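In: sharing a model prediction with you, sequence too.
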Amino acid sequence: MSRRNRRGMMSEQFKYELAKDLGFYETVQREGWGGIRTKDAGNMVKRAIQIAEQTISQQPPQQPPQQPPRYR
């Protein structure tokens with residue numbers, strides 16, 4: 001699958017929030033996503049992963065599916 005056809009995993013709103021948090025939002029506004037440094041893009045992905053891991057760790061553990069009783 002080519003890069004152009006690949007659908008993004010993060011919403012645009014979430015990417016903008018990360019850019020604001022990481023301090024390169026103005027660059028994105030002026031130049032678009034192509035204007036950010038590779039380091040900034042990597043930090044954005046790293047932060048998104050941290051947020052996802054925190055969200056998962058705060059959820060209660062899921063119960064495994066129970067099997068129906070066996071009748072003999």
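Out: Good, I have the coordinates.
In: residue 39 sits in which helix or strand?
Out: Residue 39 belongs to helix 38-58 when assigned by DSSP states H and E.
In: got a list of contacts for that helix?
Out: 10, 14, 15, 18, 19, 21, 22, 24, 27, 36 (Cβ atoms under 8 Å, 6 or more residues apart in numbering). All C-beta atoms are positioned from the backbone trio N, CA, C, and that covers glycine.
In: how near is the first one to residue 47?
Out: Spatial separation of residue 10 from residue 47 under the definition Cβ to Cβ, to the nearest Å is 11 Å.
In: overlap in contacts of these two?
Out: residue 18.
In: surely residue 25 touches residue 16?
Out: Yes - using Cβ atoms under 8 Å, residue 25 makes contact with residue 16 at a distance of 6.8 Å.
In: can you pull up the most central residue in the protein?
Out: Taking Cα atoms, centre = their mean, the centroid of the chain lies closest to residue 48, which sits 4.2 Å from it.
In: element containing the residue nearest to residue 35 when sequence neighbours are not counted, please.
Out: Excluding its sequence neighbours, the residue lying closest to residue 35 (Cβ to Cβ, 6 or more residues apart in numbering) is residue 27, at 5.3 Å. Following DSSP H and E, one finds residue 27 within helix 25-31.
In: run the chain-centre distance for that helix.
Out: 20 Å (Cα atoms, centre = their mean, to the nearest Å).
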